[in-house]
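Student: give the three-dimensional model of this entry:
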Amino acid sequence: MIIGIVIVIAQGDVVTTDVVFKPVLPTYITPDFSFAHSLSVALPLFLVTMASQNAPGIAAMKAAGYSAPVSPLIVFTGLLALVFSPFGVYSVGIAAITAAICQSPEAHPDKDQRWLAAAVAGIFYLIAGLFGSAITGMMAALPVSWIQMLAGLALLSTISGSLYQALHNERERDAAVVAFLVTASGLTLVGIGSAFWGLIAGGVCYVVLNLIADRNRY
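Tutor: Numbers count the residues shown, from 1 in each chain. Predicted structure coming up:
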């Protein structure tokens, strides 16, 4: 990361003229309910959250060795979203990428102490919220390739561990590969991202292949 920053600065690829370092004050916006928006925005957002956040978040916790109570977690985050949506906090869900980072061995060797990483991340989220415009400007000033590289490095151990968990069982291997390829393709249908369709494709493949295997066995 440090070497990358030095290189992009030396090459003059960082443009910080539009970055303004000042806190952003909260602005009150009166909530307005619309049935049309519930169908056109809320329902797709629910599907996207379930597919791209909740499902990968649960999978990341299981891959890290945690016994995650799926139903209580989804119910609790759903209630939080219901309560705080009128105040603009509509995106409450089980984190996927950030959860994977906080659950990795780099966060803490003892998996029972890794919750501290999530607590510290929450503090930085609050700070990031106050300086949202400055952080957005800084991210826009950096090359896209550097940001992608940083995200990849942060998730490297999580990706390797998840791939091992998905592929080490021969009976489930083909379905896992299909789910991975569809998700990695970036496919978007009816406004829903590839994580959802990867989950669907992998699940269908798993069911079909197991039915074929069971039929051949008998």
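Student: remind me what the longest helix belonging to the chain packs against, helices and strands.
Tutor: For the chain, the helix with the greatest residue count under DSSP state H is helix 194-217. Packing partners of helix 194-217 (3 or more CB pairs under 8 Å, 6 or more residues apart in numbering; DSSP states H and E): helix 55-63, helix 170-184. (C-beta placed from N, C-alpha, C; glycine too.)
Student: please point out which parts of the last one sit buried.
Tutor: By neighbour count, with 16 or more other CB atoms under 10 Å as the criterion, the buried positions of helix 170-184 are 172, 175-176, 178-180, 182-183.
Student: please state the offset of it from the chain centre?
Tutor: 19 Å (CA atoms, centre = their mean, to the nearest Å).
Student: name the helices or strands packed onto that helix?
Tutor: helix 156-167, helix 194-217.
Student: quick one: mean pLDDT for the shortest one?
Tutor: I take that to be helix 156-167. Mean per-residue pLDDT for helix 156-167: 74.
Student: so how far is that helix from its chain's centroid?
Tutor: 15 Å.
Student: next one: stretch 104-117
Tutor: For stretch 104-117, the distance to the chain centre is 18 Å (CA atoms, centre = their mean).
Student: that one: end-to-end distance?
Tutor: 10 Å (CA to CA, to the nearest Å).
Student: okay, now the unreliable bits of this protein?
Tutor: 1, 4, 8, 13-20, 37-41, 43-44, 48, 51-52, 158, 218 (pLDDT under 70).
Student: contacting residues around the spatially most central residue of it?
Tutor: In the chain, the centroid-proximal residue (CA atoms, centre = their mean) is Ala96; its distance is 3.3 Å. Counting by CB atoms under 8 Å, 6 or more residues apart in numbering, Ala96 touches 52-53, 56-57, 60.
Student: which one of the residues you listed is nearest to Tyr164?
Tutor: Ala60 (13.5 Å; CB to CB).
Student: next up, the contacts around the nearest residue to the closest one once chain neighbours are set aside.
Tutor: Leaving out its chain neighbours, the residue that sits closest to Ala60 by CB to CB, 6 or more residues apart in numbering is Ala100, at 4.2 Å. Contacts for Ala100 (CB under 8 Å, 6+ apart) come out as 56, 60, 64, 155, 158.
Student: give the next helix or strand downstream of the helix or strand encompassing Ala100.
Tutor: Using DSSP states H and E, Ala100 falls within helix 97-102. Next helix or strand after helix 97-102 toward the C-terminus (DSSP H and E): helix 115-130.
Student: who's in contact with that following helix?
Tutor: Under CB under 8 Å, 6+ apart, the answer for helix 115-130 is 23-24, 98-99, 101-102, 107-108, 135.
Student: can I have the buried ones of the residues you listed as a ChimeraX selection?
Tutor: Those of the contacts of helix 115-130 that count as buried under 16+ other CB under 10 Å are selected in ChimeraX with:
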select :98,99,101,102,107
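Student: thinking again about what came up before, include distance to Ala121 when you put the helices and strands packed on helix 194-217 into JSON lines, please.
Tutor: Converted to JSON lines, the helices and strands packed on helix 194-217 look like this (distance: least, CB to CB, whole Å):
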{"stretch": "helix 55-63", "distance to Ala121": "14"}
{"stretch": "helix 170-184", "distance to Ala121": "24"}
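Student: wait, which of those helices is closest to Gly12?
Tutor: helix 170-184 (32.7 Å).
Student: CA atoms only: put the closest one into CSV for me.
Tutor: The C-alpha trace of helix 170-184 is given here as CSV (Å, rounded to 0.1, in the frame of the first residue of the first chain):
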residue,chain,number,x,y,z
GLU,A,170,-15.9,-32.9,-3.9
ARG,A,171,-19.7,-33.3,-3.9
GLU,A,172,-20.2,-29.6,-3.6
ARG,A,173,-17.2,-28.5,-5.8
ASP,A,174,-18.9,-28.0,-9.1
ALA,A,175,-21.8,-26.0,-7.6
ALA,A,176,-19.3,-23.8,-5.8
VAL,A,177,-17.3,-23.1,-9.0
VAL,A,178,-20.6,-22.1,-10.8
ALA,A,179,-21.6,-19.8,-8.0
PHE,A,180,-18.1,-18.2,-8.0
LEU,A,181,-17.9,-17.7,-11.7
VAL,A,182,-21.4,-16.2,-12.0
THR,A,183,-20.7,-13.9,-9.1
ALA,A,184,-17.3,-12.8,-10.5
